[in-house]
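**Student:** Got a predicted model here, sequence first, then my questions.
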Amino acid sequence: MMIRIRSRDGLERVTIDNPHATIAQLKSQIESQLRVPVQSQTLSSNQNLLLAKTPDDWSRFTDMDNPHTPISSFNLTHGSILYLAYQGERTIPGPTVQPAGSFGRKMTMDDLIAKQMRVTRQENPHCELVSFDRDAANAFQHYVNETLAFAVKRGGFMYGTVSPEGKVEVHFIYEPPQQGTEENLLLLRDPDEEKLVDAIAIGLGMRKVGFIFTQTISQDKKDYTMSTAEVLQAAELHSEGDLKEWVTAIVKLEVNDDGAADVHFEAFQMSDMCVRLFKEGWFETDVKDEIDPKLSKMKKDVVVGVKDTREVDNDFFLVVVKIADHQGPLSSSFPIENRIIPVSMNALKDHFNRTKSLSFVKRISDFHLLLLLAKFLDINADVPALAECVLTQSAVPEGYKLLIESMASAS
(Lines give C-alpha, C1' and ligand atoms only; values in the text may rest on other atoms or scores of the structure.)
Protein backbone atom coordinates (compact mmCIF):
# COMPACT_ATOMS: atom_id res chain seq x y z
CA MET A 1 0.00 0.00 0.00
CA MET A 2 1.29 3.47 -0.87
CA ILE A 3 0.57 6.36 1.53
CA ARG A 4 1.19 9.96 0.43
CA ILE A 5 2.84 12.15 3.07
CA ARG A 6 2.46 15.93 2.79
CA SER A 7 4.92 18.04 4.79
CA ARG A 8 6.67 21.40 4.45
CA ASP A 9 8.78 19.69 1.76
CA GLY A 10 5.79 18.90 -0.48
CA LEU A 11 4.15 15.58 -1.32
CA GLU A 12 6.16 12.36 -0.91
CA ARG A 13 5.32 8.65 -0.91
CA VAL A 14 5.85 5.87 1.62
CA THR A 15 5.25 2.21 0.83
CA ILE A 16 3.74 -0.05 3.51
CA ASP A 17 3.83 -3.82 2.92
CA ASN A 18 1.38 -4.64 5.70
CA PRO A 19 -2.03 -2.86 5.53
CA HIS A 20 -2.56 -3.86 9.20
CA ALA A 21 0.62 -2.09 10.33
CA THR A 22 0.56 0.05 13.46
CA ILE A 23 1.29 3.76 13.74
CA ALA A 24 4.72 2.85 15.14
CA GLN A 25 5.50 0.73 12.06
CA LEU A 26 4.30 3.50 9.73
CA LYS A 27 6.53 6.03 11.51
CA SER A 28 9.42 3.59 11.24
CA GLN A 29 8.88 3.38 7.46
CA ILE A 30 8.77 7.20 7.26
CA GLU A 31 12.14 7.29 9.04
CA SER A 32 13.55 4.62 6.73
CA GLN A 33 12.21 5.99 3.43
CA LEU A 34 12.02 9.76 4.04
CA ARG A 35 14.86 10.15 6.58
CA VAL A 36 12.73 11.83 9.27
CA PRO A 37 13.60 10.38 12.73
CA VAL A 38 10.62 8.83 14.54
CA GLN A 39 11.14 11.00 17.62
CA SER A 40 10.91 14.16 15.47
CA GLN A 41 7.67 13.17 13.74
CA THR A 42 4.22 14.60 14.41
CA LEU A 43 1.80 12.68 12.19
CA SER A 44 -1.90 13.44 11.70
CA SER A 45 -4.81 12.84 9.37
CA ASN A 46 -5.79 16.49 9.97
CA GLN A 47 -4.50 18.80 7.23
CA ASN A 48 -4.51 21.77 9.65
CA LEU A 49 -1.27 20.35 11.07
CA LEU A 50 0.50 22.07 8.15
CA LEU A 51 -0.75 25.45 9.37
CA ALA A 52 0.65 24.95 12.90
CA LYS A 53 3.83 26.98 13.43
CA THR A 54 5.54 25.53 16.51
CA PRO A 55 6.03 22.15 18.24
CA ASP A 56 3.59 23.35 20.93
CA ASP A 57 0.98 23.87 18.22
CA TRP A 58 1.78 20.43 16.76
CA SER A 59 1.16 18.78 20.13
CA ARG A 60 -2.56 19.49 19.77
CA PHE A 61 -2.77 16.94 16.92
CA THR A 62 -2.94 13.70 18.88
CA ASP A 63 -5.06 11.46 16.62
CA MET A 64 -2.02 9.40 15.60
CA ASP A 65 -0.08 9.54 18.88
CA ASN A 66 -0.77 5.98 20.06
CA PRO A 67 2.00 3.81 18.52
CA HIS A 68 -0.09 0.63 18.91
CA THR A 69 -3.10 1.87 16.92
CA PRO A 70 -3.43 0.01 13.58
CA ILE A 71 -3.45 2.33 10.56
CA SER A 72 -6.50 0.43 9.27
CA SER A 73 -8.58 2.20 11.95
CA PHE A 74 -8.08 5.46 10.00
CA ASN A 75 -9.69 3.96 6.84
CA LEU A 76 -6.49 4.57 4.90
CA THR A 77 -6.46 3.19 1.37
CA HIS A 78 -3.84 3.11 -1.38
CA GLY A 79 -3.00 6.75 -2.16
CA SER A 80 -4.45 8.26 1.05
CA ILE A 81 -2.79 11.46 2.33
CA LEU A 82 -1.40 12.00 5.84
CA TYR A 83 0.23 15.17 7.17
CA LEU A 84 3.69 15.36 8.75
CA ALA A 85 5.44 18.05 10.79
CA TYR A 86 8.96 17.67 12.13
CA GLN A 87 11.81 19.59 13.71
CA GLY A 88 15.31 19.83 12.33
CA GLU A 89 16.76 19.16 8.90
CA ARG A 90 16.64 16.03 6.75
CA THR A 91 19.51 14.29 5.01
CA ILE A 92 18.52 12.52 1.83
CA PRO A 93 21.03 10.14 0.24
CA GLY A 94 22.44 11.31 -3.07
CA PRO A 95 22.47 9.32 -6.30
CA THR A 96 24.67 6.29 -6.75
CA VAL A 97 27.71 7.27 -8.81
CA GLN A 98 28.78 4.99 -11.65
CA PRO A 99 32.45 5.50 -12.56
CA ALA A 100 33.11 6.44 -16.16
CA GLY A 101 35.95 7.52 -18.44
CA SER A 102 39.50 6.54 -17.52
CA PHE A 103 38.47 5.34 -14.02
CA GLY A 104 35.73 3.01 -15.15
CA ARG A 105 33.49 2.11 -18.07
CA LYS A 106 34.22 4.26 -21.13
CA MET A 107 31.29 6.36 -22.41
CA THR A 108 30.64 6.76 -26.12
CA MET A 109 29.31 9.98 -27.66
CA ASP A 110 25.91 8.26 -28.01
CA ASP A 111 25.93 7.55 -24.26
CA LEU A 112 26.64 11.21 -23.51
CA ILE A 113 23.85 12.46 -25.81
CA ALA A 114 21.40 9.95 -24.32
CA LYS A 115 22.17 11.21 -20.81
CA GLN A 116 21.42 14.84 -21.70
CA MET A 117 18.02 16.24 -20.75
CA ARG A 118 17.18 18.76 -23.45
CA VAL A 119 14.52 21.36 -22.58
CA THR A 120 12.80 22.81 -25.64
CA ARG A 121 9.61 24.74 -26.22
CA GLN A 122 6.50 22.75 -27.14
CA GLU A 123 4.80 24.48 -30.05
CA ASN A 124 1.36 22.83 -30.00
CA PRO A 125 -0.90 21.97 -27.05
CA HIS A 126 -2.78 18.67 -26.80
CA CYS A 127 -5.82 20.78 -25.96
CA GLU A 128 -7.15 22.49 -29.08
CA LEU A 129 -9.36 24.95 -27.15
CA VAL A 130 -10.75 25.48 -23.64
CA SER A 131 -14.27 26.89 -23.30
CA PHE A 132 -15.54 28.17 -19.93
CA ASP A 133 -19.15 28.06 -18.82
CA ARG A 134 -19.95 31.77 -18.44
CA ASP A 135 -21.78 31.41 -15.11
CA ALA A 136 -19.10 29.20 -13.54
CA ALA A 137 -16.26 31.49 -14.68
CA ASN A 138 -18.15 34.57 -13.50
CA ALA A 139 -18.91 33.08 -10.07
CA PHE A 140 -15.19 32.38 -9.58
CA GLN A 141 -13.84 35.72 -10.81
CA HIS A 142 -16.57 37.73 -9.06
CA TYR A 143 -15.56 36.27 -5.67
CA VAL A 144 -11.84 36.92 -6.11
CA ASN A 145 -12.54 40.40 -7.47
CA GLU A 146 -15.33 41.66 -5.21
CA THR A 147 -14.66 39.75 -1.95
CA LEU A 148 -10.93 38.99 -2.00
CA ALA A 149 -10.03 42.03 -4.15
CA PHE A 150 -7.24 39.97 -5.77
CA ALA A 151 -5.28 40.45 -2.51
CA VAL A 152 -4.80 36.71 -1.84
CA LYS A 153 -4.60 33.73 -4.17
CA ARG A 154 -7.55 31.39 -4.81
CA GLY A 155 -7.78 28.14 -6.74
CA GLY A 156 -10.19 25.48 -7.95
CA PHE A 157 -10.45 22.30 -9.96
CA MET A 158 -12.23 22.55 -13.31
CA TYR A 159 -14.65 19.80 -14.36
CA GLY A 160 -16.24 19.21 -17.74
CA THR A 161 -15.82 17.21 -20.93
CA VAL A 162 -13.10 16.55 -23.51
CA SER A 163 -14.04 16.01 -27.16
CA PRO A 164 -12.19 13.53 -29.42
CA GLU A 165 -10.60 16.57 -31.16
CA GLY A 166 -9.13 17.80 -27.85
CA LYS A 167 -11.62 20.57 -27.07
CA VAL A 168 -12.11 21.00 -23.30
CA GLU A 169 -15.41 22.40 -22.02
CA VAL A 170 -15.40 23.53 -18.37
CA HIS A 171 -18.90 23.24 -16.88
CA PHE A 172 -18.22 23.77 -13.16
CA ILE A 173 -15.39 24.73 -10.78
CA TYR A 174 -14.92 23.01 -7.41
CA GLU A 175 -13.06 25.10 -4.82
CA PRO A 176 -11.34 22.83 -2.24
CA PRO A 177 -10.46 23.96 1.31
CA GLN A 178 -7.43 26.23 0.98
CA GLN A 179 -5.36 29.05 2.41
CA GLY A 180 -4.15 31.77 0.08
CA THR A 181 -1.56 34.48 0.62
CA GLU A 182 -0.17 37.15 -1.72
CA GLU A 183 2.41 34.74 -3.16
CA ASN A 184 1.31 31.19 -2.34
CA LEU A 185 -1.73 28.93 -2.47
CA LEU A 186 -1.93 26.00 -0.05
CA LEU A 187 -4.63 23.49 -0.99
CA LEU A 188 -5.93 21.75 2.15
CA ARG A 189 -7.55 18.97 0.17
CA ASP A 190 -10.35 16.86 1.67
CA PRO A 191 -10.27 13.35 0.11
CA ASP A 192 -13.82 12.53 1.29
CA GLU A 193 -15.25 15.70 -0.24
CA GLU A 194 -13.31 15.11 -3.47
CA LYS A 195 -14.84 11.60 -3.71
CA LEU A 196 -18.29 13.22 -3.61
CA VAL A 197 -17.23 15.74 -6.27
CA ASP A 198 -15.96 12.96 -8.54
CA ALA A 199 -19.15 10.91 -8.00
CA ILE A 200 -21.28 13.92 -9.02
CA ALA A 201 -19.05 14.54 -12.05
CA ILE A 202 -19.32 10.91 -13.20
CA GLY A 203 -23.12 11.06 -12.89
CA LEU A 204 -23.10 14.26 -14.98
CA GLY A 205 -20.93 12.60 -17.64
CA MET A 206 -17.97 14.85 -16.74
CA ARG A 207 -14.45 14.54 -15.31
CA LYS A 208 -11.69 16.69 -13.81
CA VAL A 209 -10.09 18.61 -16.71
CA GLY A 210 -7.81 21.20 -15.14
CA PHE A 211 -6.80 23.66 -12.43
CA ILE A 212 -7.65 27.36 -12.21
CA PHE A 213 -5.99 29.88 -9.88
CA THR A 214 -5.68 33.61 -9.41
CA GLN A 215 -2.66 35.86 -9.31
CA THR A 216 -2.74 38.77 -6.88
CA ILE A 217 -2.36 42.49 -7.51
CA SER A 218 1.16 42.40 -6.05
CA GLN A 219 2.14 39.76 -8.63
CA ASP A 220 1.01 42.01 -11.49
CA LYS A 221 4.12 44.15 -10.93
CA LYS A 222 6.43 41.16 -11.46
CA ASP A 223 7.97 40.13 -14.73
CA TYR A 224 6.70 36.57 -15.19
CA THR A 225 3.74 34.66 -16.60
CA MET A 226 3.87 32.03 -13.86
CA SER A 227 6.12 32.01 -10.80
CA THR A 228 8.30 29.03 -9.91
CA ALA A 229 5.93 28.05 -7.08
CA GLU A 230 2.99 28.21 -9.50
CA VAL A 231 4.83 26.07 -12.09
CA LEU A 232 5.57 23.43 -9.44
CA GLN A 233 1.97 23.36 -8.22
CA ALA A 234 0.57 23.27 -11.76
CA ALA A 235 2.97 20.50 -12.82
CA GLU A 236 2.08 18.42 -9.74
CA LEU A 237 -1.67 18.72 -10.38
CA HIS A 238 -1.22 18.13 -14.14
CA SER A 239 0.72 14.92 -13.50
CA GLU A 240 -1.87 13.83 -10.91
CA GLY A 241 -4.70 14.59 -13.35
CA ASP A 242 -3.35 12.02 -15.85
CA LEU A 243 -5.09 13.69 -18.83
CA LYS A 244 -3.11 14.83 -21.84
CA GLU A 245 -5.58 17.68 -22.49
CA TRP A 246 -5.30 18.96 -18.86
CA VAL A 247 -5.57 22.77 -18.74
CA THR A 248 -4.09 25.26 -16.27
CA ALA A 249 -5.95 28.59 -16.21
CA ILE A 250 -4.89 31.90 -14.62
CA VAL A 251 -7.23 34.72 -13.59
CA LYS A 252 -5.68 38.12 -12.92
CA LEU A 253 -6.39 41.83 -12.82
CA GLU A 254 -4.77 43.86 -15.59
CA VAL A 255 -4.74 47.62 -16.11
CA ASN A 256 -6.01 48.51 -19.59
CA ASP A 257 -5.02 51.44 -21.82
CA ASP A 258 -7.62 53.69 -20.14
CA GLY A 259 -6.18 53.07 -16.66
CA ALA A 260 -9.13 50.89 -15.60
CA ALA A 261 -8.69 47.35 -14.28
CA ASP A 262 -10.01 44.36 -16.25
CA VAL A 263 -10.30 40.75 -15.10
CA HIS A 264 -8.28 38.67 -17.53
CA PHE A 265 -8.31 34.88 -18.15
CA GLU A 266 -5.34 33.01 -19.64
CA ALA A 267 -5.04 29.28 -20.35
CA PHE A 268 -1.99 27.05 -20.74
CA GLN A 269 -0.89 23.48 -20.74
CA MET A 270 2.24 22.53 -18.85
CA SER A 271 4.51 21.09 -21.54
CA ASP A 272 5.14 17.34 -21.79
CA MET A 273 8.76 18.06 -20.85
CA CYS A 274 7.71 20.01 -17.74
CA VAL A 275 5.46 17.18 -16.51
CA ARG A 276 8.19 14.63 -17.24
CA LEU A 277 10.82 16.65 -15.33
CA PHE A 278 8.42 16.96 -12.39
CA LYS A 279 7.58 13.25 -12.31
CA GLU A 280 11.26 12.29 -12.52
CA GLY A 281 12.22 14.65 -9.67
CA TRP A 282 14.42 17.14 -11.59
CA PHE A 283 12.92 20.29 -10.03
CA GLU A 284 14.32 21.90 -6.90
CA THR A 285 11.11 22.08 -4.86
CA ASP A 286 12.39 24.14 -1.91
CA VAL A 287 11.46 27.55 -3.33
CA LYS A 288 13.05 30.32 -1.28
CA ASP A 289 11.84 33.92 -1.44
CA GLU A 290 15.13 35.22 -2.79
CA ILE A 291 15.13 32.94 -5.85
CA ASP A 292 14.19 34.67 -9.11
CA PRO A 293 10.50 33.67 -9.54
CA LYS A 294 10.91 33.65 -13.36
CA LEU A 295 13.34 30.71 -13.21
CA SER A 296 12.86 27.10 -12.18
CA LYS A 297 15.93 25.55 -10.58
CA MET A 298 16.97 22.01 -11.53
CA LYS A 299 18.82 19.49 -9.35
CA LYS A 300 21.06 18.57 -12.31
CA ASP A 301 22.20 20.26 -15.50
CA VAL A 302 19.76 20.35 -18.40
CA VAL A 303 20.45 21.57 -21.92
CA VAL A 304 18.59 24.70 -23.04
CA GLY A 305 19.57 25.76 -26.55
CA VAL A 306 23.28 25.00 -26.69
CA LYS A 307 24.24 25.50 -23.05
CA ASP A 308 24.13 23.43 -19.88
CA THR A 309 22.22 25.15 -17.08
CA ARG A 310 20.36 24.50 -13.86
CA GLU A 311 17.97 27.43 -14.35
CA VAL A 312 15.13 27.33 -16.88
CA ASP A 313 12.86 30.25 -17.77
CA ASN A 314 9.35 29.20 -16.74
CA ASP A 315 7.95 30.34 -20.09
CA PHE A 316 9.70 27.32 -21.66
CA PHE A 317 7.20 25.11 -19.80
CA LEU A 318 4.01 26.90 -20.92
CA VAL A 319 1.99 26.04 -24.03
CA VAL A 320 -0.70 28.63 -24.81
CA VAL A 321 -4.29 27.35 -25.19
CA LYS A 322 -7.04 29.29 -26.98
CA ILE A 323 -10.03 30.38 -24.85
CA ALA A 324 -13.75 30.53 -25.63
CA ASP A 325 -16.94 30.61 -23.56
CA HIS A 326 -20.32 28.88 -23.66
CA GLN A 327 -23.56 28.45 -21.75
CA GLY A 328 -23.29 25.03 -20.13
CA PRO A 329 -25.99 22.70 -18.76
CA LEU A 330 -25.62 23.83 -15.12
CA SER A 331 -26.41 27.03 -13.25
CA SER A 332 -23.97 28.57 -10.75
CA SER A 333 -26.29 30.59 -8.54
CA PHE A 334 -26.03 28.43 -5.38
CA PRO A 335 -23.50 29.49 -2.67
CA ILE A 336 -20.06 27.95 -3.25
CA GLU A 337 -18.28 25.57 -0.89
CA ASN A 338 -15.22 26.32 1.28
CA ARG A 339 -15.45 30.10 1.11
CA ILE A 340 -15.42 32.61 3.98
CA ILE A 341 -19.12 32.03 4.77
CA PRO A 342 -19.93 28.30 5.20
CA VAL A 343 -22.82 26.93 3.12
CA SER A 344 -25.76 25.98 5.39
CA MET A 345 -29.19 24.43 4.87
CA ASN A 346 -30.62 27.97 4.96
CA ALA A 347 -29.00 28.43 1.54
CA LEU A 348 -31.03 25.45 0.28
CA LYS A 349 -34.25 26.99 1.63
CA ASP A 350 -33.46 30.38 0.05
CA HIS A 351 -32.56 28.74 -3.27
CA PHE A 352 -35.87 26.83 -3.42
CA ASN A 353 -37.83 29.97 -2.54
CA ARG A 354 -36.07 31.86 -5.36
CA THR A 355 -36.60 29.17 -8.01
CA LYS A 356 -40.27 28.24 -7.50
CA SER A 357 -41.10 28.94 -11.15
CA LEU A 358 -38.63 26.30 -12.45
CA SER A 359 -39.12 22.55 -12.78
CA PHE A 360 -37.66 20.53 -9.90
CA VAL A 361 -34.80 19.12 -11.99
CA LYS A 362 -33.87 22.65 -13.12
CA ARG A 363 -33.85 23.80 -9.49
CA ILE A 364 -31.22 21.20 -8.57
CA SER A 365 -29.13 21.61 -11.77
CA ASP A 366 -26.29 23.31 -9.90
CA PHE A 367 -23.09 21.49 -8.96
CA HIS A 368 -22.63 23.41 -5.70
CA LEU A 369 -26.18 22.51 -4.59
CA LEU A 370 -25.59 18.85 -5.52
CA LEU A 371 -22.38 18.85 -3.45
CA LEU A 372 -24.29 20.07 -0.36
CA LEU A 373 -26.97 17.38 -0.88
CA ALA A 374 -24.34 14.68 -1.52
CA LYS A 375 -23.02 15.08 2.03
CA PHE A 376 -26.33 13.65 3.30
CA LEU A 377 -26.86 10.98 0.62
CA ASP A 378 -25.37 7.62 -0.31
CA ILE A 379 -22.35 8.15 -2.58
CA ASN A 380 -22.82 4.86 -4.43
CA ALA A 381 -26.57 5.01 -5.14
CA ASP A 382 -28.23 8.36 -4.44
CA VAL A 383 -25.54 10.74 -5.73
CA PRO A 384 -25.16 9.13 -9.22
CA ALA A 385 -28.97 8.76 -9.53
CA LEU A 386 -29.60 12.46 -8.82
CA ALA A 387 -26.74 13.55 -11.06
CA GLU A 388 -28.08 11.40 -13.89
CA CYS A 389 -31.49 13.12 -13.58
CA VAL A 390 -29.68 16.45 -14.03
CA LEU A 391 -27.66 15.09 -16.96
CA THR A 392 -30.76 13.87 -18.82
CA GLN A 393 -33.04 16.64 -17.43
CA SER A 394 -35.54 13.93 -16.53
CA ALA A 395 -38.09 13.89 -13.70
CA VAL A 396 -36.60 13.45 -10.23
CA PRO A 397 -38.08 10.38 -8.44
CA GLU A 398 -40.73 11.36 -5.87
CA GLY A 399 -38.73 9.93 -2.95
CA TYR A 400 -35.70 12.16 -3.68
CA LYS A 401 -37.96 15.13 -4.28
CA LEU A 402 -39.68 14.75 -0.89
CA LEU A 403 -36.34 14.23 0.88
CA ILE A 404 -34.73 17.33 -0.65
CA GLU A 405 -37.82 19.50 0.00
CA SER A 406 -37.92 18.34 3.62
CA MET A 407 -34.20 19.19 4.01
CA ALA A 408 -34.91 22.67 2.64
CA SER A 409 -37.98 23.31 4.81
CA ALA A 410 -36.34 21.97 7.99
CA SER A 411 -33.67 24.69 7.99
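**Tutor:** Thanks, I have it.

**Student:** Tell me the bridge partners for residue 324.
**Tutor:** Going by DSSP bridges, residue 324 is paired in beta bridges with residue 131.

**Student:** what's around it, how many residues?
**Tutor:** Residues near residue 324, counting by other CB atoms under 10 Å, number 11. C-beta: built from backbone N, CA, C; applies to glycine.

**Student:** For the stretch 151-300 of the chain, give me the ranges with low pLDDT.
**Tutor:** Scanning the stretch 151-300 of the chain for pLDDT under 70 picks out the ranges 289-290.

**Student:** just the strands in it please.
**Tutor:** 155-162, 167-174, 178-180, 185-187, 207-214, 247-255, 261-270, 295-304 (DSSP state E, counting those that start in this stretch).

**Student:** Without its sequence neighbours, what residue ends up closest to the spatially most central residue of the chain?
**Tutor:** By CA atoms, centre = their mean, the mean C-alpha position of the chain lies nearest to residue 237, the distance being 5.1 Å. Among residues not flanking residue 237 along the chain, residue 211 sits closest, at 4.7 Å (CB to CB, 6 or more residues apart in numbering).

**Student:** which residues of the protein fall in helices?
**Tutor:** Remark: helices assigned in the chain by DSSP state H are 23-34, 55-58, 109-115, 134-142, 191-203, 228-241, 272-279, 345-354, 360-363, 367-374, 382-392, 398-410.

**Student:** which residues touch residue 195?
**Tutor:** The contact partners of residue 195, by CB atoms under 8 Å, 6 or more residues apart in numbering, come to residue 379.

**Student:** If we use 10 Å, what do you get?
**Tutor:** By CB atoms under 10 Å, 6 or more residues apart in numbering, the contact list for residue 195 reads 374, 379, 383.

**Student:** Equivalent analysis for residue 317, please.
**Tutor:** Contacts of residue 317 by CB under 10 Å, 6+ apart are 119, 121-122, 225-226, 231, 234-235, 268-275, 277-278, 296.

**Student:** domain parsing for this protein?
**Tutor:** Listed by automatic domain parsing, the domain ranges of the chain are 2-86, 129-325, 336-410.

**Student:** Would you mind finding the most buried of those domains?
**Tutor:** domain 129-325 (a mean of 18; mean count of other CB atoms under 10 Å).

**Student:** still on that earlier bit, dump the contacts of residue 195 to CSV, plus distance to residue 28.
**Tutor:** As requested, those are arranged in CSV below (distance: CB to CB, whole Å):
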residue, distance to residue 28
374, 38
379, 34
383, 39
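
**Student:** Out of those, flag the one nearest to residue 69.
**Tutor:** Distance to residue 69 across those (CB to CB) is lowest for residue 379, with 26.1 Å.

**Student:** ok, that closest one touching residue 200?
**Tutor:** Yes - applying CB atoms under 10 Å, one finds residue 379 in contact with residue 200, separated by 9.4 Å.

**Student:** to the chain's geometric centre, what's the distance from stretch 256-267?
**Tutor:** How far stretch 256-267 lies from its chain's middle: 26 Å, per CA atoms, centre = their mean, to the nearest Å.

**Student:** And stretch 66-76, by the same measure?
**Tutor:** On CA atoms, centre = their mean, the centre of stretch 66-76 falls 27 Å from the chain's centre.

**Student:** Quick check: mean pLDDT of it?
**Tutor:** Averaging pLDDT along stretch 66-76 gives 89.

**Student:** how far does it stretch from start to finish?
**Tutor:** End-to-end distance of stretch 66-76 (CA to CA, to the nearest Å): 16 Å.

**Student:** try stretch 181-195
**Tutor:** 27 Å.

**Student:** Dihedrals phi and psi, the closest residue to residue 74 other than its chain neighbours?
**Tutor:** Excluding the flanking residues, the one nearest residue 74 by CB to CB, 6+ apart is residue 45, at 5.6 Å. Taking degrees, to the nearest 10, you get phi -90, psi 0 for the backbone angles of residue 45.

**Student:** For residue 45, give me its contacts.
**Tutor:** 61, 63, 64, 71, 74, 75, 76, 80, 81, 82, 83, 191.

**Student:** Could you dump those residues into JSON lines and include distance to residue 37?
**Tutor:** Shown next, in JSON lines, are the contacts of residue 45 (distance: CB to CB, whole Å):
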{"residue": "61", "distance to residue 37": "18"}
{"residue": "63", "distance to residue 37": "21"}
{"residue": "64", "distance to residue 37": "16"}
{"residue": "71", "distance to residue 37": "19"}
{"residue": "74", "distance to residue 37": "22"}
{"residue": "75", "distance to residue 37": "27"}
{"residue": "76", "distance to residue 37": "22"}
{"residue": "80", "distance to residue 37": "23"}
{"residue": "81", "distance to residue 37": "22"}
{"residue": "82", "distance to residue 37": "17"}
{"residue": "83", "distance to residue 37": "17"}
{"residue": "191", "distance to residue 37": "27"}
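
**Student:** mind listing which of the residues you listed are in strands?
**Tutor:** 81, 82, 83 (DSSP state E).

**Student:** ok, what's across the strand from the second one?
**Tutor:** Residues in a beta bridge with residue 82, per DSSP bridges, are residue 5.

**Student:** Tell me the spacing between it and residue 381.
**Tutor:** 30 Å (CB to CB, to the nearest Å).

**Student:** now swap in the last one and tell me
**Tutor:** Going from residue 83 to residue 381 by CB to CB gives 32 Å.

**Student:** Repeat that for the first one.
**Tutor:** Taking CB to CB as the measure, residue 81 falls 27 Å from residue 381.

**Student:** gap between the two ends of stretch 177-191?
**Tutor:** OK, stretch 177-191 end separation, CA to CA: 11 Å.

**Student:** what separates that stretch from the chain centre, distance-wise?
**Tutor:** With CA atoms, centre = their mean, you get 9 Å for stretch 177-191.
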